[in-house]
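Peer 1: I need the structure of the sequence given here:
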Amino acid sequence: MPILSRLFATKIRYTATALIYNSAYSIASFIPIIASYLLQKYQSPLILGIFFVISIILAFISIIAVQNRKNFY
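Peer 2: Okay, here's the model as predicted:
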């Protein structure tokens with residue numbers, strides 16, 4: 001979490017970090033529903049692997065984007 005705290009000014013740091021944290025859990029709560037839908041539609045467990053690989057790639061892209069940010073507070 002040190003990266004998240006450095007992304008925001010001290011005045012809004014707690015609120016921004018809490019918003020990001022809770023938003024991530026809200027979005028992640030839909031993953032079982034999406035996985036069930038994909039499994040039912042395509043009838044192959046391979047699609048779940050593809051779904052999770054895409055999720056991991058998006059996570060790495062966001063990590064790289066945050067680390068390349070030059071304006072840390």
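
Peer 1: Summarise which helices and strands the helix or strand bottoming out on mean pLDDT in the chain is packed against.
Peer 2: Lowest by mean pLDDT, DSSP states H and E among the helices and strands of the chain is helix 2-7, with a mean of 75. Secondary-structure packing of helix 2-7 (3 or more CB pairs under 8 Å, 6 or more residues apart in numbering; DSSP states H and E): helix 13-28, helix 46-67. Placement of C-beta: from N, CA and C, glycine included.

Peer 1: I would like the C-alpha coordinates for the first one, written out in CSV, please.
Peer 2: This means helix 13-28. The C-alpha trace of helix 13-28 is given here as CSV (Å, rounded to 0.1, in the frame of the first residue of the first chain):
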residue,chain,number,x,y,z
ARG,A,13,-4.8,10.5,0.9
TYR,A,14,-7.1,8.6,3.3
THR,A,15,-10.3,9.2,1.3
ALA,A,16,-8.7,8.4,-2.1
THR,A,17,-7.0,5.2,-0.8
ALA,A,18,-10.3,4.0,0.8
LEU,A,19,-12.2,4.7,-2.4
ILE,A,20,-9.7,2.7,-4.5
TYR,A,21,-9.7,-0.2,-2.0
ASN,A,22,-13.5,-0.4,-1.7
SER,A,23,-14.0,0.0,-5.5
ALA,A,24,-11.6,-2.8,-6.2
TYR,A,25,-13.6,-5.1,-3.9
SER,A,26,-16.9,-4.0,-5.4
ILE,A,27,-15.7,-4.8,-8.9
ALA,A,28,-14.0,-8.1,-7.8
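
Peer 1: name the helices or strands packed onto that helix?
Peer 2: helix 2-7.

Peer 1: what residues does the helix it packs on touch?
Peer 2: Defining contact as CB atoms under 8 Å, 6 or more residues apart in numbering, one finds that helix 2-7 is touched by Arg13, Ala16, Thr17, Ile20, Tyr21, Val66, Gln67, Arg69, Phe72, Tyr73.
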